[in-house]
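Colleague: All I have is the shape, not the residue letters:
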């Protein structure tokens, strides 16, 4: 199944499980974040990707430049496992 | 869910001599647990305090009413991240070329919207040509 279809199905089952008031608050918060204009401040196509060096799952520092020495990088930001 | 879908294209990404890497503010131990549980074969980096996410312009604070809801769901984000700021990155996906230039960017202010992995793979292929 396509990823977005899975996401939609998960969202649908979540919405059916929790009180309507909670869903409403979550939707309002979603809109609040959207309307803050944050998306306009994100780096975009044509920009230089900011450098980083961060610990991997073995606590070894991994740097963007080191990765780029091997080829292009697909960089994914996500919120967390929860 | 997104990471499982990315795992499915991890082999294709490697074949293109590219590297797939994730960044999230959670502690290394949570990245490690996810990597093992989901059998993910790509790098997962921990960004304490969201400093790197900030440099990409992705960081926002969860509204207070949402913090309360998350706590009621037992989603103690300050504990996962060892950071009580309740800040998180927007979900985002980029491809970066060898000259360190961003060539593809998908960012969503709604974390329930994610780009298809095939879309990203296509962008990566374009980059190679």
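Modeller: That came through fine. Everything numeric in this text was worked out from a predicted model, so none of it was measured. Numbering: from 1, shown residues only, chains lettered A, B, ... in the order given.

Colleague: can I assume residue B:60 sits in a strand?
Modeller: Yes: Residue B:60 forms part of a strand when assessed by DSSP: H, G, I helix; E, B strand; the rest coil.

Colleague: what's the burial count for it?
Modeller: Close neighbours of residue B:60, defined as other CB atoms under 10 Å in any protein chain shown, add up to 17. For every residue, glycine as well, the C-beta is placed using N, CA and C.

Colleague: do residue A:15 as well
Modeller: Neighbours of residue A:15 under the rule other CB under 10 Å: 13.

Colleague: Same check on residue B:126?
Modeller: Residues near residue B:126, counting by other CB under 10 Å, number 11.

Colleague: who touches it in this structure?
Modeller: residue B:103 (CB atoms under 8 Å, 6 or more residues apart in numbering or on different chains).

Colleague: Please give the element, helix or strand, for it.
Modeller: For residue B:126, the host element (DSSP states H and E) is helix B:117-128.

Colleague: How far off centre is that helix?
Modeller: The chain centre lies 17 Å from the centre of helix B:117-128; the measure is CA atoms, centre = their mean, to the nearest Å.

Colleague: what pLDDT, on average, does that helix get?
Modeller: Across helix B:117-128, the average pLDDT comes to 91.

Colleague: Pull out the buried residues from that helix.
Modeller: B:117, B:120, B:121, B:123, B:124, B:127 (16 or more other CB atoms under 10 Å in any protein chain shown).

Colleague: Out of these, which are close to chain A?
Modeller: B:117, B:120, B:124, B:127 (CB under 8 Å from any CB of the partner chain).

Colleague: Can you report phi and psi for the closest residue to residue B:111 other than its chain neighbours?
Modeller: Once flanking residues are discounted, residue B:111 sits nearest to residue B:91: 4.9 Å by CB to CB, 6 or more residues apart in numbering or on different chains. Main-chain dihedrals, residue B:91, degrees, to the nearest 10: phi -70, psi 130.

Colleague: ok, now residue A:56?
Modeller: Torsion angles, degrees, to the nearest 10, at residue A:56: phi -90, psi -170.

Colleague: which residues of chain B fall in helices?
Modeller: B:2-15, B:28-38, B:51-55, B:64-72, B:77-81, B:117-128 (DSSP state H).

Colleague: how about residue A:74, secondary structure?
Modeller: strand.

Colleague: Check the burial of the closest residue in space to it that isn't next to it in sequence by counting its neighbours.
Modeller: Of all residues not flanking residue A:74 in the chain, residue B:20 sits nearest, at 4.7 Å (CB to CB, 6+ apart). Neighbour count for residue B:20, taken as other CB under 10 Å: 26.
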